[in-house]
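Enquirer: Curious how this folds, go ahead:
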Amino acid sequence: MTYPPQDPAGQPGGQYGPSQPGAQPPAGGYAPGQAGGEAYPAEPYVTAPHPGRPQYPGQPEPHAQYPQYDPAAGQQLPYQPYGPPPVQPNTKSSAGTAFLVIGVVLLMALGAFGGYHFLGNDDEGDPTAGDGTATADDTPGGGEGEDEGGEEPEPPAGPSGTHLAVHSLGSVTPIPGEGWAPYFGPGEAYGLLDDSEGYALDHGNQWISFFGVGVYNGAVAPYDPADLNASAVGAAEAWLADGFDTVEGYQMSEIVYTEVEVDGRPGVLAEWRNSWTASPDTADLFEDTAILVVDVDGVNGFIGLASVSESAEPLYAPAVEALLATDFDADIA
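Expert: Numbering: from 1, shown residues only. The predicted structure follows:
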């Protein structure tokens, strides 16, 4: 494959409504609005003395105690002592509102007091408080890249010389054999592989054989832990997008899928051969590729990839064996 194979990564009728159709007046007749059959003439209202209530000299009749009023002239009826009591103004709601406002203010004051003293904002004795000179780097545990204990997290170690590691999955894969040299990682993104490490065999003229492991990058190719075959197909398509774009007469054999178990976890191994008629970068005319996809925990996928050119053909089988020997419970140094 070429070097590099890919870049890392209102209604009418009045008050009561219209009259009902077909309604007939009662016998004797009555005018609309009357309560009975006969209309009585209106007479002036005269209040008779109350039986047993003595009348005193000069005492007016009960109905004459109050001045008359004329509604047409806009006069109002004065307050009647025997009528309903006047409505008292409601003072409870305003008082309740005042108490509510006072309570909210008190709670805010108590919250500010508690936060000042209990959250460590008391600047008594702190020469840097409020002067704006303290920085995260001056505060224990506050520096960028530090954890809660104030210690910087250790970056992934460099190439071990004995294995390839995927730290986020806790996996270790042995190096396939002699001749393989560190290519990138560990802990780098490289196309299909996240948090990955890779090795390579240099065949000269920008042509290499490749061996790498990492977390399956679902943003590059769809990953489905319930369908590892489909995941392997997607990975193959992504890998071939630019791996052999300089060769002439490219052909791809049928992919062979093999269900495997890697360290007790289900996986699929996809293998095929890439061939061509000519290439400006190599005299080789084929390259064998294997992609291993493993469901690690029902969510995350492991991917291992080996692609060995014709001139290094004897190293292909050891590369596949190394992928299948991956340990997911390893203690990564």
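Enquirer: if I pick residue 185, what's in contact with it?
Expert: Counting by C-beta atoms under 8 Å, 6 or more residues apart in numbering, residue 185 makes contact with 156, 159, 164, 196, 197, 198, 212, 214. For every residue, glycine as well, the C-beta is placed using N, CA and C.
Enquirer: List the contacts of the nearest residue to it once chain neighbours are set aside.
Expert: Spatial nearest neighbour of residue 185, chain neighbours left out: residue 197 (3.4 Å); criterion: C-beta to C-beta, 6 or more residues apart in numbering. Applying C-beta under 8 Å, 6+ apart, we find residue 197 in contact with 159, 164-166, 182, 184-188, 212-214.
Enquirer: In strands only, show me these.
Expert: 164, 165, 166, 182, 184, 185, 186, 187, 188, 212, 213, 214 (DSSP state E).
Enquirer: if we can go back for a sec, give me the beta-bridge partners of the residue nearest to residue 185?
Expert: In this entry, residue 197 is beta-bridged to residue 213, by DSSP bridges.
Enquirer: And it, how far from residue 210?
Expert: With the distance defined as C-beta to C-beta, to the nearest Å, residue 197 ends up 12 Å from residue 210.
Enquirer: burial count for the closest residue to residue 283 other than its chain neighbours?
Expert: With C-beta to C-beta, 6+ apart as the criterion, residue 283 has its nearest non-adjacent residue at 7.8 Å, and that residue is residue 311. Residue 311 has 16 neighbouring residues, counting by other C-beta atoms under 10 Å.
Enquirer: List the contacts of residue 311.
Expert: By C-beta under 8 Å, 6+ apart, the neighbours of residue 311 are 203, 282, 283, 284.
Enquirer: That one belongs to a helix, doesn't it?
Expert: Yes: under DSSP: H, G, I helix; E, B strand; the rest coil, residue 311 sits within a helix.
Enquirer: Verify the stated contact: residue 293 with residue 267.
Expert: Yes: counting by C-beta atoms under 8 Å, residue 293 touches residue 267, with 6.1 Å between them.
Enquirer: now do the same end-to-end measure for stretch 274-286.
Expert: Taking C-alpha to C-alpha, to the nearest Å, the first and last residues of stretch 274-286 lie 5 Å apart.
Enquirer: Name the residues that touch that stretch?
Expert: 2, 203, 205-207, 240, 243-244, 246-253, 273, 287-289, 307, 309-311.
Enquirer: Can you say which of these are buried?
Expert: 2, 203, 207, 240, 243-244, 246-247, 287-289, 307, 309-311 (16 or more other C-beta atoms under 10 Å).
Enquirer: Could you point out which of the residues you listed is nearest to residue 170?
Expert: Within those, the smallest distance to residue 170 is 25.2 Å, found for residue 307 (C-beta to C-beta).
Enquirer: And residue 269, how far from residue 228?
Expert: 10 Å.
Enquirer: which residue packs closest to residue 307, ignoring adjacent ones?
Expert: Using C-beta to C-beta, 6+ apart, the nearest residue to residue 307 is residue 289, at 4.3 Å.
Enquirer: quick one: the one you found and residue 239 touch, right?
Expert: Yes: judged on C-beta under 8 Å, residue 289 makes contact with residue 239 at a distance of 7.2 Å.
Enquirer: All the strands of the chain, in order from the start?
Expert: Per DSSP E, the chain carries strands over the ranges 163-166, 171-174, 181-190, 193-202, 208-216, 251-252, 256-262, 265-275, 286-295, 301-309.
Enquirer: can you pick the most crowded of the contacts of residue 311?
Expert: residue 282 leads the contacts of residue 311 on contacts (other C-beta under 10 Å) with 22 neighbours.
Enquirer: rewinding a little: list buried members of the ones in strands among the contacts of residue 197 by neighbour count.
Expert: Neighbour counting over the ones in strands among the contacts of residue 197 (16+ other C-beta under 10 Å) leaves 164, 165, 166, 182, 184, 185, 186, 187, 188, 212, 213, 214 as the buried ones.
Enquirer: Done for today, thanks.
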